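Trainee: predicted model follows, preceded by the sequence.
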Amino acid sequence: MCVCPCVCCGRVMRLQGCVFSSFSKLAAGFLYSASSRRKHVCLLSQSANIMAEEAKKLAAYAAVDNHVQNNQVVGVGSGSTIVYAVDRLAERVRQEKLNIVCVPTSFQARQLILQHGLTLSDLDRHPELDVAIDGADEVDAELTLIKGGGGCLTQEKIVAGCAKHFVVIADYRAIAKRFGGEANLRMAVSKAGPVVTDNSNFILDWKFERAENWKEVNTAIKMIPGVVETGLFIGMAERAYFGMEDGTVQVRDPSVN
């Protein structure tokens, strides 16, 4: 069996309300000559998924252990990686008897907080957060984040903006390769019609053809009438944790110009 890795080109920028956000789709292509080899391809793919999930867990645990302390108000992000962060947060609260208040960024985050028996609050009661922990679809060397895969980008940015510290967690697959070039209204999978976000907006997924000056892009997009928010989080994250395939956790700080 010959295993041929390939990358689906393109980052996706999402527009909410119209609103913009984004993520890179990385894929692996497999070449094999006989149908009897297919089970090996499936096993290989399954192994990669297991490694990716373990990487997410490692990054999430590191972020919670390094940035959450007693008597803090914590912003809880959304997405698959955040599940592990909430698991670890709940574990520490039980073991260390921590007094932690959690502010969610979405319905999913709210449910995770309640399911783990953590203290739930909101920005009305706690307008200032000590730290916000969230996932990201893509992270560059400046810690510019592209988010919005789960459609929660507006509330995620509001919560991140209310936090004294904002850290992000991701796995090794969240590094962009390059951009594509079309915009499409995101459609629902299990029901008819477009996706509607927690803030009652529509989302456009926009593939770019090349890397841009994201600060300028963010400003330009938000000037378009009807655009509520973008999925570009620029100059907000102070540290990113990447769970790697080899079981290590890499830490990335913004590059110094």
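Mentor: Looks like it arrived, so ask away. Note that the coordinates shown come from a computational prediction; the quantities given were computed from them, not determined experimentally. Numbering: from 1, shown residues only.
Trainee: how far does stretch 124-133 sit from the chain's center?
Mentor: A distance of 19 Å separates the centroid of the chain from that of stretch 124-133, by CA atoms, centre = their mean, to the nearest Å.
Trainee: please apply the same query to stretch 214-232.
Mentor: That offset, for stretch 214-232, works out to 19 Å (CA atoms, centre = their mean).
Trainee: kindly report the same for stretch 115-122.
Mentor: Distance, centroid of stretch 115-122 to centroid of chain: 21 Å (CA atoms, centre = their mean).
Trainee: ends of that stretch, how far apart?
Mentor: 17 Å (CA to CA, to the nearest Å).
Trainee: can you list the buried residues in it?
Mentor: 118, 120-121 (16 or more other CB atoms under 10 Å). Using the backbone N, CA and C atoms, a C-beta is placed for each residue, glycine as well.
Trainee: any stretches of the stretch 1-150 of the chain with poor pLDDT?
Mentor: For the stretch 1-150 of the chain, the stretches with pLDDT under 70 are 1-48.
Trainee: recalculate using a threshold of 90.
Mentor: 1-56, 58-59, 78-81, 135-150 (pLDDT under 90).
Trainee: show me where it has its helices.
Mentor: 38-67, 80-96, 107-115 (DSSP state H, counting those that start in this stretch).
Trainee: any regions of the stretch 151-257 of the chain where pLDDT drops low?
Mentor: Using pLDDT under 90, the stretch 151-257 of the chain drops low at 151-155, 157, 168-232, 245-246, 254-257.
Trainee: kindly recompute the last result at 80.
Mentor: Across the stretch 151-257 of the chain, the ranges flagged by pLDDT under 80 are 151-152, 171-186, 188, 190-193, 195-196, 199-212, 220-221, 223-227, 256-257.
Trainee: identify each buried residue in the strand ranked longest in the chain, please.
Mentor: The residue-count maximum for a strand in the chain (DSSP state E) belongs to strand 163-171. By 16+ other CB under 10 Å, the buried positions in strand 163-171 come out as 163, 165-171.
Trainee: stretch 204-223 now?
Mentor: Buried, per 16+ other CB under 10 Å, within stretch 204-223: 204-208, 214, 217-218, 221.
Trainee: give me the subset of those residues lying in helices.
Mentor: If you go by DSSP state H, the buried residues of stretch 204-223 have 214, 217-218, 221 in helices.
Trainee: so how many other residues sit close to the nearest residue to Val64 once chain neighbours are set aside?
Mentor: Excluding its sequence neighbours, the residue lying closest to Val64 (CB to CB, 6 or more residues apart in numbering) is Arg88, at 4.4 Å. Around Arg88 there are 19 other residues, counting by other CB atoms under 10 Å.
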